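J.: predicted model follows, preceded by the sequence.
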Amino acid sequence: MKKTFIIALALLVAGASFGTAEAAKDKKKKKKQQEIEAPIVDVFDPVILRSGSDSLSYAAGMMLTNGLTEYLQRQLKVDTAYMADFVKGFNEAVSGVETPQQIAIRAGHQIADQVKNSMLTRMKGDFTDTPDSIIEQTLYRGFADAIMGDTTLMKVAAADEFFKAKQQYNQNVRSERLIKVGRDFLAENAKKEGVITTPSGLQYKVLVKGEGEVPQTTDKVKVHYEGRLIDGTVFDASSKHGTAPATFQPNQVIKGWTEALTMMPVGSKWQLYIPQELGYGERQAGSIPPYSTLIFDVELVGIEK
């Protein structure tokens, strides 16, 4: 009796195990069939994409990265080997949870970009062709010391006063040098054959003698021209603005042009040598540096009445 019960129990357990295995096999087969027949979106992680809105949002996030890698490389100089660090910074920023340290570091990056790519460039330009120059790393050291309140080498007020005095001195030196270069050029140019110097200091040379009417200051003239610096650099030309001649009144341009145009008969072509006093003087005019002596080839085509 006891032996018969044990055999029956063993058979029952074996049958149950077999039935369980078959059920698991059928369930796995059914799940695989469902995965094959399901929409494409469901092959993603079901924890993330549980609805159409989830799928839409995920796709939108991916879409926002179109062209981003190239932008990060070219514009922000990000090494793509550190994209995980970029993602870490991105996630920290969008989470809205920032530590005071993170805020300070990000602010440091922003200010560094402004100093390096804007302020430093402008300062270096102020001291170009002068006895002094700006040294980047020393500037950064002074910046950091001032922020940290370290006045061991120089006090902030004294630094401000010293910088402004040096800036003015160097600008004066550069201005005097540029003025001298222009004056020396004109002095030598005045000795050349065909060059005429007027009482104002304007110099000109007649290339083509015109026989037409001479404009008044309020007439509207039509001219072709090319302007260049004494080193030969072309800074403007009427041909850059189309094939038609430029039109304007002689009293609307620099003094050197006004004087020349009111002496030129229509049909003339002159080469003008304009001292800085009759040009743009101490002003920077586009690509024309301050105190520049200018050379123009000017052809007076006509007068509009």
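T.: Noted; the coordinates are in hand.
J.: which residues of this structure score low on pLDDT?
T.: Scanning the chain for pLDDT under 70 picks out 1-47.
J.: report the central residue of it.
T.: By CA atoms, centre = their mean, the chain has its centre lying nearest to residue 117, at 8.7 Å.
J.: let me know the secondary structure of residue 221.
T.: Here residue 221 is strand, with the state taken from DSSP: H, G, I helix; E, B strand; the rest coil.
J.: that one pairs with what?
T.: Taking DSSP bridges as the rule, residue 221 bridges to residue 248, residue 303.
J.: same check, this time on residue 205
T.: residue 195, residue 271.
J.: might one say that it is in contact with residue 271?
T.: Yes: Residue 205 is within contact range of residue 271, at 4.6 Å (criterion: CB atoms under 8 Å). C-beta here means a position set from N, CA and C on the backbone, and glycine is covered the same way.
J.: separation between the residue nearest to the centre of the chain and residue 140?
T.: 14 Å (CB to CB, to the nearest Å).
J.: before we move on, back to that, spell out the secondary structure type for the residue nearest to the centre of the chain.
T.: helix.
J.: same check on residue 299?
T.: strand.
J.: contacts only, for it.
T.: Neighbouring residues of residue 299 by CB atoms under 8 Å, 6 or more residues apart in numbering: 208, 223, 224, 225, 245, 268, 269.
J.: and if we set it to 7 Å?
T.: Each residue near residue 299 by CB atoms under 7 Å, 6 or more residues apart in numbering is listed here: 223, 224, 269.
J.: let me know the closest of these to residue 86.
T.: For these, the closest approach to residue 86 (CB to CB) belongs to residue 224, at 54.2 Å.
J.: could you pull up phi and psi at that closest one?
T.: Note on residue 224: backbone dihedrals following degrees, to the nearest 10 are phi -100, psi 140.
J.: beta partners of the closest residue to it other than its chain neighbours?
T.: Leaving aside its chain neighbours, residue 224 sits nearest to residue 299 (4.4 Å; criterion: CB to CB, 6 or more residues apart in numbering). Per DSSP bridges, the residues bridged to residue 299 are residue 224, residue 269.
J.: I'd like to know how far the residue nearest to the centre of the chain sits from residue 201.
T.: In terms of CB to CB, residue 117 sits 41 Å off from residue 201.
J.: same deal with residue 224?
T.: Distance from residue 224 to residue 201, by CB to CB: 25 Å.
J.: specify the local secondary structure of residue 231.
T.: Relying on three-state DSSP, one would call residue 231 coil.
J.: helices of the stretch 1-150 of the chain, start to end?
T.: If you assign secondary structure with DSSP state H, counting those that start in this stretch, the helices in the stretch 1-150 of the chain sit at 2-37, 52-63, 68-74, 83-95, 100-114, 120-126, 136-147.
J.: which residues touch stretch 158-178?
T.: 126, 127, 129, 130, 131, 132, 142, 282, 289, 290, 291.
J.: just the helices in the stretch 151-300 of the chain please.
T.: According to DSSP H, counting those that start in this stretch, the helices that the stretch 151-300 of the chain contains are 156-189, 255-261.
J.: out of the ones you listed, deepest packed?
T.: Most buried of those, by mean neighbour count (mean count of other CB atoms under 10 Å): helix 255-261, with a mean of 23.
J.: remind me what it packs against, helices and strands.
T.: strand 269-274 (3 or more CB pairs under 7 Å, 6 or more residues apart in numbering; DSSP states H and E).
J.: the same query, at a cut-off of 10 Å, please.
T.: strand 203-208, strand 220-229, strand 269-274, strand 294-304 (3 or more CB pairs under 10 Å, 6 or more residues apart in numbering; DSSP states H and E).
J.: give me whichever of those strands is most buried.
T.: strand 269-274 (a mean of 22).
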